[in-house]
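Asks: Return a 3D structure for these sequence lines:
(chains A and B)
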Amino acid sequence: MKALCWEGKHSIAVKNVHNPHILNPHDAIIKVTSAAICGSDLHLYNGVIPTMEKGDIMGHETMGIVEEIGPLVTKVKVGDRIVIPFDIGCGHCHHCEEQEFSACDNTNPNFMIPEKLYGYGGAALFGYSHMYGGYAGGQAEFIRVPFVDTNSLIIPEGIDDDKVLFLSDIFPTGWMAAENCNIKPGDTVAVWGAGPVGLLAMKSAFMLGAERVIAIDHIERRLEKARAIGCETINFDEDDAITDQLRFLTGGRGPDSCIDAVGLEAHGHTILNMIDTVKQKTKIGTDRPDALRQAIQACKKAGTVSIPGVYGGFLDKFPFGAAFGKGLTLKMGQTHTQKYMQPLLERIMNGEIDPSFVISHRIRIDDGPEAYKQFNENKDDFTKVVLKFQ
Amino acid sequence: MDTSYTPSSQSSIKPGIPQLDREHGYFASATVTNSLDEIVAFCRDQQNVEKVLKNLPAKIENFLTLKLESSAAESEGHRIIWKNTGKTSGKLIFLLQPAPKGRGTVITTEAVFDKIHFREDGPSTLMNIFLKRMKQLMETGEIATVEGQPSGREEISPLKH
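Replies: Next up is the predicted model:
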């Protein structure tokens, strides 16, 4: 089969590899129909997530048709059309029983790596480094899905892939980010990053009752998309005094909650971000957390900062004094995708939202390497890339 | 970093937490969602124990000839002792206790042995891996793996572009 493989920093290749097969009794093999390139895949592309190995198959936003099932699969049937969550839950451990699927105890064969780094290891992820299990990803013609009864949402007939594909990650991620804000009627939510997760967090914030949503980015096309769904916008290329602007826009209070949908590769013109960039490039630092610094600084007293953006290592000049001094609530982490897939599918079917508004490009797998390059370098044109296999 | 744990003799340990042979053993603990009765039955099954031992990333063939020495409810909990009857002497001990508030079962494993060959990982690390994989098998019926999956490291033939 054809698969998009990580070959090193800034290098993705289409390779002809063996088809996957059933390895464990709860597995299924899926013939992929659509797969997306996620903004977090660019962290891998840029070489800032450790424990990738040359030849790893990329991709964690995938859907397709069930081709084969293992002997202990009970819910999913051959021929079902399913969306696959990016995080892999076992469905049986304490955390899965509590619907904390991204904290699953049992799916990461390489749990010793995150245990050493973080104290405890969470769930494995598809196509996202060996620290997260080393599972082959879904930017390929076929994918093996462990514990498929837990890690699938069966899609009814008559709904396009594009409408439901993002139930695999970015819609639940945006939704959980907004839900973590504990939004009350009349609230103002500020969102750093108007990429796909940020845009869906903005839309979710409105759906959960926010009065105003303010998008912060520097890519005008993305800010246009934010305005199109009802957001006010701040372009930090024009004025990077974000805290002052947000204070002014909120009557001196600050946003009730702030969402960092940027993560460890923040852009911007602050001195701290320039220092972060040098440290990251020279490998003496890991993460560039300037969006998070701004969110903490800008958030109102006793507000909430929600962090769906990915972080991997150690954060320098983290303004913990401001977070403590204002009594902020910080909520973060990988999304418990399986918890949200069914209720969000119902919202899609009810016509409350069509997440496909974030798509900018639909391509074939052979164009994947160039799409990665363009997505990374040309964010003005590339918002969300979907690979089509049929 | 070694992730299994040998408590220091100065540790203040609540009553009910197993008292360990700190001189000779290697320990690990985990909580599983299964009931105490299920786990007692699981840990008494030689196939289950050996399946996980064989799955460890180390050469431990001389610790694989096990015989059930005892299995009994004691004041601390249910203790199951497997004795190695191979070339080296040693024991693998499970102490099983109900977890707080009906959250399943706490398993404490202890391995005691005189001589065993390890290649990459130390015995304490292996105990942690052993118990985590036991937990996977107990809770899900399988041990997580990516061995045998495709990757670009085993390309069939280069694609023509």
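
Asks: Every contact and neighbour count from this point should use C-alpha atoms.
Replies: OK.

Asks: Next, the contact list for the closest residue to chain B within the stretch 251-390 of chain A, please.
Replies: Closest contact between the stretch 251-390 of chain A and chain B, by Cα to the nearest Cα, is at A:Asp366 (8.4 Å). Applying Cα atoms under 8 Å, 6 or more residues apart in numbering or on different chains, we find A:Asp366 in contact with A:Val14.

Asks: what do you get for the one 3 residues further on?
Replies: Applying Cα under 8 Å, 6+ apart, one finds that A:Pro369 lies in contact with A:4, A:11-14.

Asks: With A:Gln139 instead?
Replies: By Cα under 8 Å, 6+ apart, the contact list for A:Gln139 reads A:3-4, A:35-36, A:57-60, A:62, A:365, A:387.

Asks: Could you identify which of those residues has the most neighbours?
Replies: Note: the member of those with the most neighbours is A:Ile57, at 35 neighbours, neighbours being other Cα atoms under 10 Å in any protein chain shown.

Asks: Which helix or strand contains the closest residue to that one other than its chain neighbours?
Replies: Spatial nearest neighbour of A:Ile57, excluding adjacent residues (Cα to Cα, 6 or more residues apart in numbering or on different chains): A:Cys5 at 4.4 Å. Taking DSSP states H and E as the criterion, A:Cys5 maps to strand A:2-8.

Asks: Can you give me the end-to-end span of stretch A:47-54?
Replies: End-to-end distance of stretch A:47-54: 11 Å, with Cα to Cα, to the nearest Å as the criterion.

Asks: Which pLDDT value goes with A:Asn378?
Replies: The model reports A:Asn378 with a pLDDT of 80.

Asks: and it, what are its phi and psi?
Replies: When read as degrees, to the nearest 10, the backbone of A:Asn378 gives phi -130, psi 60.

Asks: In chain B, mark out all the strands, start to finish.
Replies: For chain B, the strands defined by DSSP state E cover B:25-32, B:66-73, B:78-84, B:90-98, B:105-113.

Asks: about what we covered before: near chain B, from the contacts of A:Pro369?
Replies: When those are checked against chain B using Cα under 8 Å from any Cα of the partner chain, the ones in range are A:Val14.

Asks: From the contacts of A:Pro369, which land in helices?
Replies: Per DSSP state H, helices hold no members of those.

Asks: Where does the nearest residue to A:Ile219 once chain neighbours are set aside sit: helix, strand or coil?
Replies: The spatially closest residue to A:Ile219, leaving aside those adjacent along the chain, is A:Asp380, at 5.8 Å (Cα to Cα, 6+ apart). Assigned by DSSP: H, G, I helix; E, B strand; the rest coil, the conformation of A:Asp380 is coil.

Asks: Torsion angles phi and psi at A:Asp380?
Replies: phi -70, psi -30.

Asks: Which residue does the stretch 1-150 of chain A have closest to chain B?
Replies: Across the stretch 1-150 of chain A, the shortest distance to chain B (Cα to the nearest Cα) belongs to A:Gly55, at 3.8 Å.

Asks: rewinding a little: mind listing what the residue nearest to A:Ile219 touches?
Replies: By Cα under 8 Å, 6+ apart, the contact set of A:Asp380 is A:219-222.

Asks: before we move on, what about A:Asp316?
Replies: A:Asp316 makes contact with A:276, A:285, A:287, A:289, according to Cα under 8 Å, 6+ apart.

Asks: who touches stretch B:37-53?
Replies: Contacts for stretch B:37-53 (Cα under 8 Å, 6+ apart): B:60, B:64, B:66-68, B:71, B:78, B:80, B:94, B:96, B:105, B:130, B:133-134, B:138.

Asks: Just list what the longest helix seen in chain B packs against, helices and strands only.
Replies: Across chain B, the longest stretch assigned as helix under DSSP H is helix B:123-140. The criterion is 3 or more Cα pairs under 8 Å, 6 or more residues apart in numbering or on different chains; DSSP states H and E, and the helices and strands that helix B:123-140 contacts are strand B:25-32, helix B:46-54, strand B:105-113.

Asks: looking at the ones you listed, which is closest to B:Ser151?
Replies: helix B:46-54 (25.1 Å; Cα to Cα).

Asks: so the closest residue to A:Asn376 other than its chain neighbours, which of the three states?
Replies: In space, and not counting its chain neighbours, A:Asn376 is closest to A:Leu42: 6.5 Å by Cα to Cα, 6+ apart. Secondary structure state of A:Leu42, per three-state DSSP, is helix.

Asks: A:Leu42 reaches A:Ala371, doesn't it?
Replies: No: A:Leu42 sits out of contact with A:Ala371 when judged by Cα atoms under 8 Å, with a separation of 10.9 Å.

Asks: Now tabulate the helices and strands packed on helix B:123-140 in JSON lines and tack on mean pLDDT and mean neighbour count.
Replies: Shown next, in JSON lines, are the helices and strands packed on helix B:123-140 (pLDDT from 0 to 100; neighbours: other Cα atoms under 10 Å in any protein chain shown):
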{"stretch": "strand B:25-32", "mean pLDDT": "87", "mean neighbour count": "21"}
{"stretch": "helix B:46-54", "mean pLDDT": "88", "mean neighbour count": "16"}
{"stretch": "strand B:105-113", "mean pLDDT": "88", "mean neighbour count": "22"}
